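Asker: Mind looking at a prediction? Sequence and model below.
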Amino acid sequence: MKKSLLAIAAMTAFAGAAQAQSSVTIYGLLDVGIMGQSNSNMLNGSTGGTSAGLGGAGSSSYPRNGNSFGFMQGGQSASRLGFKGMEDIGGGSKVIFTLEQGVNTDNGSQFASGLPGNGKTTTGMGNLSNTGDSSNQGQLFNRGAYAGVSNDKWGTLTAGRQQTLMLDNIGGYDPVNAQQFSPLAFSGTFGGGSTTDNARANGALKLKEKFMGFDVNALYAPGGYAGNNGAGTRLEGQIGYEATKWGVQALTSFQEDATALSGVTYGQGLGTGAVQPGISTTPTTAGTNQVAATVYNTRSVQLTGKYSPMDKLWLKAGMQYMNLGTPSNFQYLSGQPVLANGSGFSVFSYTAATTPVIKNTFWFGGNYDFTPVIKGSLGYYQQNVNQSGATLSGKTTYISALAEYYLSKRTNLYAAASQVNFTGSAQGTSQAVNSVNSVLVNQQFTYGLGMRHTF
């Protein structure tokens, strides 16, 4: 009898230990609110809720600037639902996985942003809302789908669809880390190393480890096909150091045959006279819900730093150099870029860029804790764009502010605002270029109130 009891006790203890060594967690975030914007398109759920780029249609023929007010989702953070798991396999090692899906809180659909142009034409404001994170196009697990092994000594190696190293780094060094009010948080361009389509890497291997206190990280996303293994290949490297009161990070990225979406949406054809900057030939007319993809070889360098001169204050700054170069061996991968599930969108042409574009961006600002539950953030951002012949030369500046009030550790209210100024080619037009009444749009003001809850 005693032996039976001991056997049962041993089995129960073993089962308990096995259960303790494995776990699956369901987690998520919901961010909802209201938002207003000047020189704006309609705020709607067609491409993932609000569209912070210039765009929209004042009529069926011409997009017009105007003030808008409506529902805001993801004002501070993108809403999501995720599953993550861990199994302890001994020796300080764990098997891990993550599946994460973006959620549209306005209509409950899978999140999709960045489809280019939220208007009826390919000129002026109708083609300027393609600045969002178009790596999220309605895939089932568009924010992440990967598995790997983590070791206390050797770091973490993961494989699958996952954030780039640059996208990982931005959140900790963005003064106003709010999706609808910071260009770094809103646009996938910065995490994508020059194009918003590439803020997340498909089929990537990512290694993150600590070596003598330094962050030493690398990402490799193999592309290609038989006969050309380089097409679409992505490489990233990172080295940095973070202490209690300061941190610095340096990153570099290269991608061969990266795509950048442009063109038209919602059934409007692309006229033969609408020449896209940097494209060798005039694109042909597109059918309903078709877009163009320009192919670049991209190179990017990102440098960031932060410092805390006092317990309640963090100062943050950074810069990023982005080079959208001409592809040396023009190729593209079938099925890339991924377009939104069920959207009916398709790519009607792939065209090699012929003129390099240089983007230089810098930012600085800070975070201050007024009380344990009240926090404030302020940031300045500037991007300069240059292309040979000055056809794309222009400047965009942002001044953003965010105030947070924490009801609990998991729930906070926030108010945010952003003033954006455009000069040169960064300006948009309120109507089509051939309109007699066409005027340049040189600024945009965005404000919002919201609530964010994590679980």
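Answerer: That came through, no problem.
Asker: for whichever strand or helix holds Ser400, what is the average pLDDT?
Answerer: Element membership for Ser400 (DSSP states H and E) is strand 394-406. Confidence for strand 394-406, expressed as mean pLDDT, is 94.
Asker: CA atoms of it as CSV?
Answerer: Extracted in CSV, the C-alpha atoms of strand 394-406 (Å, rounded to 0.1, in the frame of the first residue of the first chain):
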residue,chain,number,x,y,z
GLY,A,394,12.0,67.9,-49.9
LYS,A,395,11.8,68.1,-46.1
THR,A,396,9.2,67.0,-43.6
THR,A,397,9.3,68.0,-39.9
TYR,A,398,7.2,66.7,-37.0
ILE,A,399,6.6,68.1,-33.5
SER,A,400,4.7,65.5,-31.4
ALA,A,401,3.5,65.4,-27.8
LEU,A,402,1.9,62.7,-25.7
ALA,A,403,0.4,62.7,-22.2
GLU,A,404,-0.6,59.5,-20.3
TYR,A,405,-2.6,58.8,-17.2
TYR,A,406,-2.4,55.3,-15.8
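Asker: Number the chain from 21, please
Answerer: All right, first residue 21 from here; so that's strand 414-426.
Asker: Which residues does it contact?
Answerer: 96, 195-196, 198, 201-203, 385, 392-405, 432-447 (C-beta atoms under 8 Å, 6 or more residues apart in numbering). Yep, even glycine has a C-beta here, placed from its N, CA and C like the rest.
Asker: strands paired with it, and their directions?
Answerer: Strand 414-426 has its sheet partners listed here by DSSP bridges as strand 394-407 (antiparallel), strand 431-444 (antiparallel).
Asker: Can you lay out these as CSV showing distance to Lys104?
Answerer: Formatted as CSV, these follow (distance: least, C-beta to C-beta, whole Å):
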stretch, distance to Lys104
strand 394-407, 27
strand 431-444, 21
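Asker: Show me the shaky parts of the stretch 71-220 of the chain.
Answerer: Along the stretch 71-220 of the chain, segments meeting pLDDT under 70 span 71-86, 133-151.
Asker: so where do the strands sit in it?
Answerer: All strands of the stretch 71-220 of the chain, identified by DSSP state E, counting those that start in this stretch, fall at 88-93, 100-110, 113-122, 164-171, 175-183, 220-231.
Asker: tell me which residues in the last one are buried?
Answerer: Counting neighbours by 16 or more other C-beta atoms under 10 Å, one finds that the buried residues in strand 220-231 are 220-222, 224-229.
Asker: Find the pair from those residues with maximum spatial separation.
Answerer: Asn222 and Glu229 (22.7 Å; C-beta to C-beta).
Asker: coming back round to it: quick one, which of the strands paired with strand 414-426 gets closest to Gly468.
Answerer: strand 431-444 (5.5 Å).
Asker: what about the residue positioned nearest the centre of the chain, distance to Gly48?
Answerer: The C-alpha lying nearest the average C-alpha coordinate of the chain belongs to Gly208 (C-alpha atoms, centre = their mean; 3.0 Å). Taking C-beta to C-beta, to the nearest Å as the criterion, Gly208 is separated from Gly48 by 21 Å.
Asker: Could you report the neighbour count for Met186?
Answerer: 27 (other C-beta atoms under 10 Å).
Asker: Please identify which helix or strand holds Tyr370.
Answerer: Judged by DSSP H and E, Tyr370 forms part of strand 366-372.
Asker: CA atoms of that strand as PDB?
Answerer: Provided in PDB are the C-alpha atoms of strand 366-372 (Å, rounded to 0.1, in the frame of the first residue of the first chain):
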ATOM      1  CA  SER A 366      -3.000  42.500 -57.000                       C
ATOM      2  CA  VAL A 367       0.400  43.800 -58.300                       C
ATOM      3  CA  PHE A 368       0.000  44.600 -62.000                       C
ATOM      4  CA  SER A 369       3.700  45.500 -62.600                       C
ATOM      5  CA  TYR A 370       7.200  45.200 -61.100                       C
ATOM      6  CA  THR A 371       9.600  48.000 -62.300                       C
ATOM      7  CA  ALA A 372      13.200  48.500 -61.400                       C
END
